[in-house]
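1. give the three-dimensional model of this entry:
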Amino acid sequence: MNISKKLILLVALILAGTASQAQYRIYGGYRPKRMSFNFDTTVLHRAIYAVKLTDKAESPYSVNNPQAFLSQKALDRRAKYKIPVTEQDIPVNQAYVDKLTEMGFIVKGKSKWLNCVWVECPEEKLEELKALSFVDYNYQWRQKTNKPAAKDAKLKRPKVSKDVLDNEMKLKYGRAENQTQMLNIQALHNLGFTGKDITIALLDAGFTKANSVPVFESMFKEGRVLYVADFVDDDFVVYDKGNHGMNVLSCIAANEPGAMIGTAPDVNAVLLRTEDEDTEYIIEEFNWVEAAELADSIGVDMIHSSLGYHEFDDPNTSYAWDECNGDICISTVAADIAASKGIYVNVSAGNEGDEPWKHITAPADADSCMTVGAVDSKGKIAFFSSLGPSHDGRIKPDVCAKGHNTTVEGVSGHVSTSSGTSFSGPIMAGCAACLMQAHPKAHPIDIMNAIKLSGSNFKVPDFTYGYGIPDLGLAHKILVKMGY
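-> Below you'll find the model as predicted:
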């Protein structure tokens with residue numbers, strides 16, 4: 001992640017197995033995703049290991065009774081987009097979890113999508129893990145494939161009506177006016193589309209004082225924070241550590257007229273802390289997976305994350321650039337699985353543009369998510385904004401929004417500024433939420449495509465700006481033309 005460097009927490013992988021056999025919608029078509037893992041016993045001390053389980057046999061859960069593990073909102077979303085409930089949705093086998101606990105392993109988390117658990121144990125107990133009949137460790141993690149260079153489908157902008165939408169700045173956006181006007185999101189706000197009834201899950205590093213600063217007063221008063229959880233500390237308190245998530249939330253949901261109004265001031269939110277700002281270990285990607293699964297089961301419409309991964313404090317687990325091909329990085333695979341469940345997945349491109357890495361970071365290489373780069377107040381690419389393409393040649397970032405000197409809420413309760421794709425990403429997420437409210441029958445991929453087609457660079461998308469800076473009023477017209 002790009003927030004800070006981290007202290008030592010020793011993490012190693014034993015994860016084995018394959019990702020979902022489900023198909024992933026991309027640009028109107030479908031392609032399968034693959035992922036596999038093997039043991040990595042590079043351990044310097046007591047460690048956390050990801051353990052792939054062999055099956056979900058004899059589970060008390062069944063795809064014939066999905067209400068037992070998915071909320072009605074989650075089932076409604078699947079029904080809306082004709083997405084079946086599969087074995088991938090069934091929780092991991094609790095009997096296996098119980099057996100690990102009995103043997104003295106501390107179960108720290110679990111993933112039904114990857115069918116694995118992560119456990120804490122000393123290195124000398126690894127052989128006990130390998131001997132268990134329900135542990136599968138024969139697959140190779142980060143298996144390289146001779147994958148041909150991908151080609152983005154050419155998107156064609158339909159002819160839209162020439163009527164001019166009302167783009168007057170009627171709301172008192174305060175210091176957020178520039179980042180709002182740049183995207184013409186006020187045109188949707190003026191039509192009454194402010195993200196109402198759309199639920200966004202934020203996967204981030206903490207939301208300190210979000211429950212007390214002025215810009216979120218109406219959100220908490222109206223009960224629009226629907227759920228919170230901390231996957232780092234394993235509790236349900238998210239307002240006490242790290243303010244990055246609070247800054248991110250303000251770009252979307254701030255609603256203090258004259259000071260700051262976000263791009264979707266009436267959204268519902270689910271706040272999930274997955275990131276420890278003091279360390280950078282691959283377990284945080286597993287936290288990301290678990291949080292995304294929770295968000296799916298709750299029934300959210302969108303996931304946004306301003307987190308990015310490529311370099312870890314344990315260099316043995318860091319990613320190489322050729323692994324950012326949409327099929328390998330843990331959070332990338334989870335992002336695409338989330339998208340396969342009908343969730344709009346929005347992520348920040350990363351802040352590596354002026355660093356040796358330069359490229360986008362995971363999960364920004366996911367093919368079924370919207371990856372957002374950063375520009376300054378005049379629409380020029382920010383020097384730090386991570387560059388595309390994905391390693392397999394796809395257009396990334398997809399679009400850009402203001403990320404340099406972005407207006408955000410500070411922990412002091414006063415509006416401030418900060419820079420990073422961490423803030424261009426949520427600005428764009430709020431815009432997408434307004435479009436989802438305006439066009440409730442549109443599939444998330446259609447929403448993404450409309451946003452791309454409204455971009456300033458749509459005729460010649462590149463690896464710096466992607467499709468450019470969107471015009472949300474135009475995106476709205478495109479969706480109307482598409483029959484939504």
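2. contact partners for the spatially closest residue to Tyr309 that is not a sequence neighbour?
-> Once flanking residues are discounted, Tyr309 sits nearest to Ala362: 4.6 Å by CB to CB, 6 or more residues apart in numbering. From N, CA and C alone the C-beta is placed, and that goes for glycine too. Shown in contact with Ala362 (CB atoms under 8 Å, 6 or more residues apart in numbering): Glu285, Gly308, Tyr309, His310, Tyr319, Cys324, Cys329, Ile330, Ser331, Thr332.
3. between the two ends of stretch 350-364, how far is it?
-> Using CA to CA, to the nearest Å, the end-to-end distance of stretch 350-364 comes out at 8 Å.
4. okay, buried residues for it please.
-> Within stretch 350-364, the residues that count as buried by 16 or more other CB atoms under 10 Å are Gly350, Asn351, Glu352, Gly353, Trp357, His359, Ile360, Thr361, Ala362, Pro363, Ala364.
5. in what helix or strand does Met219 lie?
-> Using DSSP states H and E, Met219 sits within helix 217-221.
6. could you dump the helix or strand just after that helix to CSV, C-alpha only?
-> Once helix 217-221 ends, the next helix or strand along the chain (criterion: DSSP H and E) is strand 225-230. This file holds the C-alpha atoms of strand 225-230, laid out as CSV (Å, rounded to 0.1, in the frame of the first residue of the first chain):
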residue,chain,number,x,y,z
VAL,A,225,-23.3,3.7,7.8
LEU,A,226,-24.7,0.2,7.7
TYR,A,227,-21.9,-1.9,9.0
VAL,A,228,-18.3,-1.6,10.2
ALA,A,229,-15.5,-4.2,10.9
ASP,A,230,-11.8,-4.3,11.5
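7. so what touches strand 225-230?
-> Identification of contacts with strand 225-230 by CB under 8 Å, 6+ apart yields 199, 207, 211, 219, 235-239, 241, 268-273, 291, 294, 298.
8. tell me which of these fall in strands.
-> Mapping these onto strands (DSSP state E) picks out Thr199, Asn268, Ala269, Val270, Leu271, Leu272, Arg273.
9. wait, the fourth one touches Ile198, no?
-> Just to be clear, that refers to Val270. No: the criterion here is CB atoms under 8 Å, and Val270 misses it with Ile198 at 11.6 Å.
10. per-domain residue ranges of the chain.
-> 23-131, 177-481 (automatic domain parsing).
11. how about the helices in the protein?
-> 72-80, 94-102, 126-131, 177-181, 186-190, 217-221, 244-253, 283-298, 330-340, 421-438, 444-453, 472-481 (DSSP state H).
12. including mean pLDDT, could the ones you listed go into CSV?
-> Below are the helices of the chain laid out as CSV (pLDDT from 0 to 100):
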stretch, mean pLDDT
helix 72-80, 98
helix 94-102, 95
helix 126-131, 87
helix 177-181, 98
helix 186-190, 98
helix 217-221, 97
helix 244-253, 98
helix 283-298, 95
helix 330-340, 95
helix 421-438, 98
helix 444-453, 97
helix 472-481, 97
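13. wait, which of these is closest to Asp392?
-> helix 330-340 (11.7 Å; CB to CB).
14. which other helices and strands contact that closest one?
-> strand 23-26, helix 283-298, strand 302-305, strand 344-348 (3 or more CB pairs under 8 Å, 6 or more residues apart in numbering; DSSP states H and E).
15. could you export the ones you listed as CSV, including mean neighbour count?
-> Formatted as CSV, the helices and strands packed on helix 330-340 follow (neighbours: other CB atoms under 10 Å):
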stretch, mean neighbour count
strand 23-26, 19
helix 283-298, 24
strand 302-305, 30
strand 344-348, 30
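16. closest one to Ser377 among these?
-> Nearest of these to Ser377, taken as CB to CB: strand 344-348 at 18.4 Å.
17. and the closest one with helix 330-340, angle?
-> Relative orientation of strand 344-348 versus helix 330-340 (axes from the mean of the first three to the mean of the last three CA atoms, to 10 degrees): 150 degrees.
18. how far does strand 344-348 sit from its chain's centre?
-> 5 Å (CA atoms, centre = their mean, to the nearest Å).
19. what does it contact?
-> Strand 344-348 has contacts (CB under 8 Å, 6+ apart) with 301-308, 335-336, 338-339, 363-364, 366, 368-372, 420-422, 424-426, 428-429, 432, 436, 444, 447-448.
20. so for Thr199, what's the pLDDT?
-> Here the pLDDT value assigned to Thr199 is 98.
21. what's the neighbour count on it?
-> 20 (other CB atoms under 10 Å).
22. and the pLDDT at Trp118?
-> Note on Trp118: pLDDT of 88.
23. and it, what is it in contact with?
-> Here Trp118 is in contact with Ile48, Tyr49, Ala50, Val51, Val107, Lys108, Gly109, Lys110, Ile283, Phe286 (criterion: CB under 8 Å, 6+ apart).
24. from Gly109, how far off is it?
-> Counting by CB to CB, to the nearest Å, the gap from Trp118 to Gly109 is 5 Å.
25. what's in contact with stretch 91-99?
-> Applying CB under 8 Å, 6+ apart, the external contacts of stretch 91-99 come out as 53, 55-61, 69, 107, 110-112, 115-117, 132, 134.
26. what residues are shared contacts of Trp118 and Gly109?
-> Phe286.
27. quick one: low-confidence parts of the protein?
-> 1-46, 138-151 (pLDDT under 70).
28. before we move on, the earlier item: looking at the helices of the chain, which is closest to Ser386?
-> helix 421-438 (6.8 Å).
29. out of the helices and strands packed on helix 330-340, which gets nearest to Glu256?
-> Checking those against Glu256 by CB to CB gives strand 302-305 as the closest, at 20.6 Å.
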